[in-house]
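K.L.:
this one's structure only:
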């Protein structure tokens, strides 16, 4: 449907026109640009540029994947890296590349994409451009699940306790939505935020109490709590991949209804959006994404907050572009931080959660001090 037809369809649906028959813009257009972007540029003239940007982002991501495989605490010549792909011989260098770096890189790729998309969905759902995936208590629920697995059941295999992390994340999301939906007014972005913050504090308090009562559990949890892509096996990635893929697909499919909800609940309903169903599906997608990512790499802060916000400042508020750009930009930055952590402390390494916190905190402060926050 052409833009003029879309505007006419919306007008005919009862939204009306303003200023002597001026049609209302389509809800599929970015909310902030529906009334014009102030520069006379039509919103449908931008997609070719944004498509080129997506192609460039894919290329940069591919280069970062190669850097993550080739660079690390152990110096390996690039020719050896190529041989490890084409003719593996079981040598130590080939073993490091095939059994350690490739699974680690794939994990960083998946975790980055899921956290970036989860952050964009969270900011759209709560209508808060500085929202974080942990705002619904999902990360805290996952951390509590891992704490229970290690402290109460003595499970030390990551391929086993990831299910406790995922279960904790899912349970936290369900409880938050139930609390927010209680009462006649039903759920709303403000109620979801308040319920998520409250439940997150409860989960954090319970996890802290368990860790303080069991020093052995605390010692095992220290590595996971800082956030790291190291130490996970390919088996863990295989078990979590279906949840990551399902969350990514579901999240990307929600772009159109989220665009309409950005106009407000009443306008969204008038345009045919099932508000509660959209919020539930968004919560399911965030649960799948954050639960799987947190289970695999631990709580990584700022990734889901900074990346979508920065992307929105570049591409605008249209979720059809914000969601895929966030899913591509986040793994680029996360893998870059992981590579930097391996290079700055040779022959050891600094965990990616620490490196990203050092990078992300100043960026977050800068974004928070901006006079004008990128609109949703």
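P.N.:
Received it, and whenever you're ready, just let me know what you need. Computed from a predicted structure; not experimentally measured. Residues are numbered from 1 along each chain as shown.

K.L.:
roughly how far does the residue nearest the centre of the chain sit from residue 183?
P.N.:
Among the residues of the chain, the one closest to the centroid is residue 115, at 2.1 Å (CA atoms, centre = their mean). Distance from residue 115 to residue 183, counting by CB to CB, to the nearest Å: 32 Å. C-beta: built from backbone N, CA, C; applies to glycine.

K.L.:
picking up where we left off before, give me the helices and strands touching the helix or strand harbouring the residue nearest to the centre of the chain, please.
P.N.:
Following DSSP states H and E, one finds residue 115 within helix 102-126. When contacts are defined as 3 or more CB pairs under 8 Å, 6 or more residues apart in numbering; DSSP states H and E, helix 102-126 sits against helix 47-70, helix 189-213, helix 234-253, helix 255-261, helix 275-297, helix 303-315, helix 319-343.

K.L.:
past the last one, which element shows up next along the chain?
P.N.:
Think helix 319-343. Next helix or strand after helix 319-343 toward the C-terminus (DSSP H and E): helix 352-368.

K.L.:
in terms of secondary structure, what does that next one contact?
P.N.:
helix 303-315, helix 319-343.

K.L.:
would you reformat the helices and strands packed on helix 102-126 as a markdown table and include mean neighbour count and distance to residue 104?
P.N.:
Formatted as a markdown table, the helices and strands packed on helix 102-126 follow (neighbours: other CB atoms under 10 Å; distance: least, CB to CB, whole Å):
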| stretch | mean neighbour count | distance to residue 104 |
| --- | --- | --- |
| helix 47-70 | 15 | 7 |
| helix 189-213 | 17 | 26 |
| helix 234-253 | 18 | 9 |
| helix 255-261 | 22 | 30 |
| helix 275-297 | 25 | 10 |
| helix 303-315 | 24 | 16 |
| helix 319-343 | 24 | 8 |
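
K.L.:
tabulate these (CSV), appending distance to residue 361 and mean pLDDT.
P.N.:
Putting the helices and strands packed on helix 102-126 into CSV (distance: least, CB to CB, whole Å; pLDDT from 0 to 100) gives the following:
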stretch, distance to residue 361, mean pLDDT
helix 47-70, 22, 93
helix 189-213, 19, 86
helix 234-253, 26, 91
helix 255-261, 28, 94
helix 275-297, 18, 88
helix 303-315, 10, 89
helix 319-343, 13, 95
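
K.L.:
turn these into CSV, columns for distance to residue 139.
P.N.:
Formatted as CSV, these follow (distance: least, CB to CB, whole Å):
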stretch, distance to residue 139
helix 47-70, 24
helix 189-213, 8
helix 234-253, 14
helix 255-261, 21
helix 275-297, 5
helix 303-315, 9
helix 319-343, 15
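
K.L.:
residue 94: which element?
P.N.:
Short version, using DSSP H and E: residue 94 is in helix 92-95.

K.L.:
in that helix, what's buried?
P.N.:
Across helix 92-95, burial judged by 16 or more other CB atoms under 10 Å covers 93, 94.
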